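Asks: no sequence for this one, just the structure:
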């Protein structure tokens with residue numbers, strides 16, 4: 001799968017996301033391997049944005065393969081188990097990474 005396809009899938013997921021009660025969140029997603037690229041998910045002022053850029057003031061970053069990211073947003077991959085097994089790496093505010101995983105679980 002290409003980076004563009006992964007990005008579009010993330011944007012579709014964002015359209016379905018219930019962000020009520022979610023404060024500011026800025027998470028950078030680093031896709032490694034096939035479909036490699038970087039994008040961010042930002043929740044701000046009641047809106048969610050998914051853009052293909054690095055987010056320098058991010059609260060956390062998640063590094064994951066494209067296939068595993070798709071499994072994650074489809075609900076086929078548990079974020080906690082993926083983190084424990086090394087399939088998913090998180091840097092920065094791990095509380096925001098958990099909040100992001102909760103947001104994904106509400107969609108999948």
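Replies: Received, thanks. None of these values were measured; they are calculated from a predicted model.
Asks: tell me how far the nearest residue to residue 57 once chain neighbours are set aside lies from residue 11.
Replies: Using CB to CB, 6 or more residues apart in numbering and skipping residues adjacent in sequence, the residue nearest residue 57 is residue 26, 6.5 Å away. Backbone N, C-alpha and C define where each C-beta goes, glycine included. Per CB to CB, to the nearest Å, residue 26 is found 16 Å from residue 11.
Asks: which of these two has more residues huddled nearby?
Replies: Neighbour totals were compared for residue 26 and residue 11, and residue 26 leads with 21 against 16 (other CB atoms under 10 Å).
Asks: these two touch, right, the more buried one and residue 39?
Replies: No. Residue 26 is beyond contact range of residue 39, at 11.8 Å (criterion: CB atoms under 8 Å).
Asks: shared neighbours of the two, which are they?
Replies: Residues touching both residue 26 and residue 39 (CB atoms under 8 Å, 6 or more residues apart in numbering): there are none.
Asks: phi, psi for the residue lying farthest from the centre of the chain please.
Replies: Distance from the centre of the chain peaks at residue 45, with 18.5 Å (CA atoms, centre = their mean). Dihedral pair for residue 45: phi 50, psi 40, per degrees, to the nearest 10.
Asks: in what helix or strand does the closest residue to residue 90 other than its chain neighbours lie?
Replies: Using CB to CB, 6+ apart and skipping residues adjacent in sequence, the residue nearest residue 90 is residue 97, 4.2 Å away. Following DSSP states H and E, one finds residue 97 within helix 94-107.
Asks: which helices and strands does that helix pack with?
Replies: helix 3-16, strand 25-32, strand 60-65, helix 66-74, helix 79-85 (3 or more CB pairs under 8 Å, 6 or more residues apart in numbering; DSSP states H and E).
Asks: any stretches of the chain with poor pLDDT?
Replies: Residue ranges of the chain with pLDDT under 70: 108.
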